[in-house]
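Visitor: here is the input, now give the coordinates:
(chains A and B)
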Amino acid sequence: MKALALQIASLARRSVIRTLRQPAAVFFPLVFPVLLLAVNSGGLRAATNLPGFPTDSFLAFALAVPFVQGGLFATGNAGIDLAKDIQTGFLNRLALTPMRGIALLAGELGGVMALGLIQAVFYLTIGLIFGVSLKSGLAGGLVLIALASLIVLGFAAFGAYAALRTGSTEAVNGLFPVFFIFLFISSMNLPRNLMTVAWFRYLATANPVSYLIEGVRSLVITGWDAEALALAFGVGLGIVVAGFSLAASALPERLGRT
Amino acid sequence: MRGRQLLDVAGGVAWRQLHNAILNPTIFIPSLAFPLLNFAAFAGGLAKVRDVPGFEFNGSYTTFQFVFVLLQSAAFSGVFSGFGVARDFETGFTRRLLLAAPNRTGLVLGYAIASAVRWLITASIITAVAFAVGMQVGGNGVDLFGLYTLSLLVNFAGTLWATGVAMRIRSQQAGPVMQMPVFLALFFAPVYVPLALLRGWIHSVARVNPLTPVLEANRGLISGEPTHVLVAFSLGVGLVLLFAFWALGGLRRAEAAG
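Guide: Okay, here's the model as predicted:
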């Protein structure tokens, strides 16, 4: 058990340092979602005049989106870092050591998790600075950060799976737009009950990302909504379990010890 | 003789760029997928925004958003072409081309032609999808010709901007420098609602954004109520001229760098 913890800690330390040493890997996941938030909250402010819109601040409504978008960036970052390790032979060298597969997965995602935490605090701070008040209070803020971390972990596990399956940074990069589809076809810009185009509403309802966004959003604009939070944490946990299961299934092939 | 050389070089470069872009799905698909994804997300997910009091537009929200997506595809087709120029510098291809080409201005012209043809393919697909999902057009043939011509000017401007950046930085790391200003210029225009419905800082920015009259003119043309057309065409031509100087300046820098 102690050896496993040591293995995870060593790899996680390397992963955190590597992530923080790449300015582009830190800068864009922080800045791009905030830019999109600024653009959408400015451009769609008029939507708050629609009957049934749940708040009079579009910024508060849209603040949930960067937390999930940050998770999507985690997919790319985690996948690219792991794919680089495969391409450079680092994983092959690790295979010569007694390193356990689970330690490798958990450790490799350390950097992304650290960045995810920084992102969550950053987005929340930006929201508060620009006048958003959390209806769920300080405790809600902590739950929000926990939920955001869970989302990052889940998407990062999928990124790791993609890297382990393909072993190519280019292929992981190519997956990024695919994950973005999930964000765009969701309730990111309007509540589902205000979507008038039926096919879009069905897709948004079937899309797990909608529930992640709505869970985060409930903490900001509603307060403590047990159903929204249960759905968000349930979906988040489901993504984590599915992502790690897939990654673990792809790992033996990459860590083949002869 | 000089004109003939210019056209020969431009033709050769354009053919190569198009051949690479169309036969390589990883190059062509993103430039098609992003506008289609935005179209689905905006026209499908935000249709209710059409009901906001004061939303003045003679047509459906699908038509309203089609114009933005068409313009976005035009600008980003140019940016994606810039990625190709940067890639050619990294592989050393452009340096060999600079040695071989009897008229180097033809390189810039070739990139612009290839980007325009590539965008016309993308625009045809987006238009077909828009009609398939029920887009209504109020404008006549002349109006629609104006719509696509104006968008083509934006495509030229985008290509020349990205080519100028690529020739100065000569690395694919220039990607965000090419992309971000174009993204901001597009999204700081009245994307989701007409200019009159924007409030606060985004209204002030949109009013001075050169793409706002272009977007408004295009929306007027498609709905059969032309507005700001002369201003929009003047701005379009002005942007092309400005970025043509920028791109040619980049070419001189690349020549000087050897």
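Visitor: contact residues of chain A facing chain B?
Guide: A:24, A:28, A:35-36, A:39-40, A:42-47, A:49-50, A:170, A:174, A:177, A:180-181, A:184-185, A:188-190, A:194-197, A:199-200, A:204 (C-beta under 8 Å from any C-beta of the partner chain). Any C-beta I mention is one placed from the backbone N, CA and C, and that applies to glycine too.
Visitor: show the pLDDT at residue A:248.
Guide: Each residue has a pLDDT score; the one for residue A:248 is 88.
Visitor: tell me which strands and helices the helix or strand encompassing it is in contact with?
Guide: Assigning secondary structure by DSSP states H and E places residue A:248 in helix A:226-254. Applying 3 or more C-beta pairs under 8 Å, 6 or more residues apart in numbering or on different chains; DSSP states H and E, we find helix A:226-254 packed against helix A:101-108, helix A:137-166, helix A:208-217.
Visitor: adding mean pLDDT and mean neighbour count, write the ones you listed out as TSV.
Guide: Formatted as TSV, the helices and strands packed on helix A:226-254 follow (pLDDT from 0 to 100; neighbours: other C-beta atoms under 10 Å in any protein chain shown):
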stretch	mean pLDDT	mean neighbour count
helix A:101-108	82	21
helix A:137-166	91	23
helix A:208-217	96	25
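Visitor: dump the ones you listed into a markdown table; add distance to residue B:14 as well.
Guide: A markdown table is the format used below for the helices and strands packed on helix A:226-254 (distance: least, C-beta to C-beta, whole Å):
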| stretch | distance to residue B:14 |
| --- | --- |
| helix A:101-108 | 44 |
| helix A:137-166 | 33 |
| helix A:208-217 | 40 |
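Visitor: tell me which of the ones you listed sits nearest to residue B:243.
Guide: Minimum separation from residue B:243 across those (C-beta to C-beta) falls at helix A:137-166, 36.2 Å.
Visitor: now do that closest one: which elements does it pack against?
Guide: So helix A:137-166, by 3+ C-beta pairs under 8 Å, 6+ apart, packs with helix A:64-87, helix A:101-108, helix A:110-129, helix A:169-184, helix A:208-217, helix A:226-254.
Visitor: which residue is it, in the stretch 101-250 of chain A, that comes closest to chain B?
Guide: residue A:200 (3.4 Å; C-beta to the nearest C-beta).
Visitor: pull up the gap between that residue and residue A:135, please.
Guide: 27 Å (C-beta to C-beta, to the nearest Å).
Visitor: same question for residue A:74.
Guide: Counting by C-beta to C-beta, the separation of residue A:74 from residue A:135 is 27 Å.
Visitor: quick one, which of these two is more surrounded?
Guide: Between residue A:74 and residue A:135, counted using other C-beta atoms under 10 Å in any protein chain shown, residue A:74 has the larger neighbour count: 29 against 16.
Visitor: that one touches residue A:148, doesn't it?
Guide: No: counting by C-beta atoms under 8 Å, residue A:74 does not reach residue A:148; the two are 10.2 Å apart.
Visitor: picking that back up, which stretch in the helices and strands packed on helix A:137-166 is the model least sure about?
Guide: Least confident of those, judged by mean pLDDT, is helix A:169-184 with a mean of 75.
Visitor: which helices and strands sit right next to the worst-scoring helix or strand of chain B on mean pLDDT?
Guide: Across the helices and strands of chain B, mean pLDDT, DSSP states H and E gives its lowest value to helix B:25-39, namely a mean of 81. Under the contact criterion of 3+ C-beta pairs under 8 Å, 6+ apart, helix B:25-39 touches helix A:169-184, helix B:2-23, helix B:61-91, helix B:105-132.
Visitor: report the buried residues of it.
Guide: Neighbour counts over helix B:25-39 (16 or more other C-beta atoms under 10 Å in any protein chain shown) mark B:27, B:28, B:30, B:31, B:32, B:34, B:35, B:36, B:37, B:38, B:39 as buried.
Visitor: a markdown table for these, including distance to residue A:144?
Guide: Converted to a markdown table, these look like this (distance: C-beta to C-beta, whole Å):
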| residue | distance to residue A:144 |
| --- | --- |
| B:27 | 39 |
| B:28 | 40 |
| B:30 | 32 |
| B:31 | 36 |
| B:32 | 36 |
| B:34 | 30 |
| B:35 | 33 |
| B:36 | 33 |
| B:37 | 27 |
| B:38 | 28 |
| B:39 | 32 |
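Visitor: report the central residue of the chain.
Guide: The chain I'm using is chain A. Per C-alpha atoms, centre = their mean, the C-alpha nearest to the average position across chain A is that of residue A:71, at 1.5 Å.
Visitor: not what I meant, chain B
Guide: residue B:75 (1.8 Å).
Visitor: quick one: the helix or strand hosting residue B:247 to helix B:61-91, angle?
Guide: Using DSSP H and E, residue B:247 sits in helix B:229-257. Helix B:229-257 and helix B:61-91 are oriented at 10 degrees to each other (axes from the mean of the first three to the mean of the last three C-alpha atoms, to 10 degrees).
Visitor: what packs against helix B:229-257?
Guide: Short answer (3+ C-beta pairs under 8 Å, 6+ apart): helix B:229-257 packs on helix B:93-100, helix B:105-132, helix B:141-169, helix B:211-223.
Visitor: roughly how far out does the following helix or strand past the third one sit from the chain middle?
Guide: Translated: helix B:141-169. Next along the chain after helix B:141-169, taking DSSP H and E as the criterion, comes helix B:175-187. Mean-position distance between helix B:175-187 and its chain equals 11 Å (C-alpha atoms, centre = their mean, to the nearest Å).
Visitor: now stretch A:56-65
Guide: 18 Å.
Visitor: that stretch: end-to-end distance?
Guide: Terminal residues of stretch A:56-65 lie 17 Å apart, using C-alpha to C-alpha, to the nearest Å.
Visitor: got the CA positions of the least confident helix or strand of chain B in CSV?
Guide: Coordinates of the C-alpha atoms in helix B:25-39 are reproduced here as CSV (Å, rounded to 0.1, in the frame of the first residue of the first chain):
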residue,chain,number,x,y,z
PRO,B,25,-9.5,14.6,-43.6
THR,B,26,-7.7,15.8,-40.5
ILE,B,27,-7.2,19.1,-42.3
PHE,B,28,-10.5,19.5,-44.1
ILE,B,29,-12.9,18.2,-41.5
PRO,B,30,-12.3,20.7,-38.7
SER,B,31,-12.9,23.6,-41.0
LEU,B,32,-16.2,22.1,-41.9
ALA,B,33,-17.2,20.7,-38.5
PHE,B,34,-16.7,23.8,-36.5
PRO,B,35,-19.2,26.0,-38.4
LEU,B,36,-21.7,23.1,-38.6
LEU,B,37,-21.4,22.6,-34.9
ASN,B,38,-21.9,26.2,-34.2
PHE,B,39,-24.9,26.3,-36.6
